[in-house]
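Visitor: I need the structure of the sequence given here:
(chains A and B)
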Amino acid sequence: MAGLLGRKLGMTQVFSPDGNVVPVTVIEAGPCVVLEVLTEKSALKIGFGDIKENRVRKPQQGYFKKIELSPRRYIRDLKFEDLSDYQPGSEIKADLFQPGDYVDVTGTSKGRGFAGMIKRWGAKSFPSSHGHPMQRQAGSQGCSATPARVFRGKKLPGRYGGAKKTVQNLEVVQVRPDENLIMLRGAVPGSRSGLLLIRKALKKKRK
Amino acid sequence: MNVLEKLEQEQIKEEIPEFQVGDTISVHAKIVEDERERIQVFTGVCIARKRSGVRESFTVRRVSYGLGVEKVFLLHSPRVAKIEVTRRGAVRRAKLYYLRDKTGKQARIKERKIDYKKPRK
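Guide: Next up, the predicted model:
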């Protein structure tokens, strides 16, 4: 699946030509540099983001020296169906996508720490009146003497967020290759300035 | 300026007639009726302006056939084709929501003779 790395800049709105307000996420997408062509994996090793030379770890410094390219902050292997257009050093830019395409976006969601039932699982709160002793607790764990245990997978409070999440089938609204910007309709995982992987939609065919 | 601010700045209309809350304005709104596009004019008193960059909106109120009608327009929307100011009103509030409870003579607004923006001598 063709794709590239990017950085979330934040959300705003744009007017569509017919005057509707479209909520968009603005992503600084690329430019990504092809570091290696992995033919047997049918993949490209791509790098994204600037980094100072002295901030790069020694093994990576050696790697970048070997391939004779300037160091990048993030390195990922990404499957591409057609490798023929790429050789080490070539750039992947935002114009990989066109307005109207659909993409999948992967990122790390915002960490919410130890979250309760209501935030983590969308449980309903107990009533605040009519003498109820608690509002946000988990409630019943299940049945009684049969089965005499709590079923595996019971939804309970715990660590929430900060995990790898993918949002599928986001529509590309605008692409600006000169400014390395992509605008997608809707929200993507993570906070601003978070690293994102943008790929061609797996399930949706191109328009 | 960061990228988001720049993107929003791009969408802000360059020419917007100066109007204030209390002014009577005519809004020429584009309406799409299956493939056909026409312009509808809505005239009334501007009772609120919510300033928020590209998201700025304003509310126009008129009494039509004895029934109060309010419409909220997005100032920078391409659907708002033109705004005409027909009368300037002198008001002492930023939001004229009190007009909703007034009818007839009480719902009048005095004509504004001075320009608030100009410093008085």
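
Visitor: In contact with residue A:95, which residues are there?
Guide: Contacts here follow Cβ atoms under 8 Å, 6 or more residues apart in numbering or on different chains; on that basis residue A:95 touches A:175, A:177. Just so you know, the C-beta spots here come from the backbone N, C-alpha and C atoms, and that holds for glycine as well.

Visitor: Can I take it that it is in a helix?
Guide: Yes. Under DSSP: H, G, I helix; E, B strand; the rest coil, residue A:95 falls within a helix.

Visitor: quick one: it and chain B, what's the gap?
Guide: Distance from residue A:95 to chain B, counting by Cβ to the nearest Cβ, to the nearest Å: 18 Å.

Visitor: same deal with residue A:98?
Guide: As judged by Cβ to the nearest Cβ, residue A:98 and chain B stand 19 Å apart.

Visitor: That residue and residue A:175 touch, don't they?
Guide: Yes. Counting by Cβ atoms under 8 Å, residue A:98 touches residue A:175, with 6.5 Å between them.

Visitor: Looking at the two, which one has more neighbours?
Guide: Ranked by neighbour count (other Cβ atoms under 10 Å in any protein chain shown), residue A:98 and residue A:175 place residue A:175 first, with 21 against 10.

Visitor: and the host helix or strand of the more buried one, what does it pack onto?
Guide: Per DSSP states H and E: residue A:175 is located in strand A:164-176. The contact analysis (3 or more Cβ pairs under 8 Å, 6 or more residues apart in numbering or on different chains; DSSP states H and E) places strand A:164-176 against strand A:21-29, strand A:102-108, strand A:181-185.

Visitor: Each with direction, which strands does it pair with?
Guide: Paired with strand A:164-176 in the same sheet, following DSSP bridges, are strand A:102-108 (antiparallel), strand A:181-185 (antiparallel).

Visitor: Grab the nearest non-local neighbour of the closest residue to chain A within chain B.
Guide: Residue nearest to chain A within chain B: residue B:79 (3.6 Å; Cβ to the nearest Cβ). In space, residue B:79 comes closest to residue A:19 once its chain neighbours are excluded; the distance is 3.6 Å by Cβ to Cβ, 6 or more residues apart in numbering or on different chains.

Visitor: List the buried residues of the strand ranked longest in chain B.
Guide: If you go by DSSP state E, chain B has its longest strand at strand B:36-50. By 16 or more other Cβ atoms under 10 Å in any protein chain shown, the buried positions in strand B:36-50 come out as B:44-49.

Visitor: now do stretch B:97-104
Guide: Neighbour-count burial for stretch B:97-104 [16+ other Cβ under 10 Å]: residue B:99.

Visitor: where's the residue of chain B closest to chain A relative to residue B:40, distance?
Guide: Note on residue B:79: its distance to residue B:40, by Cβ to Cβ, to the nearest Å, is 10 Å.
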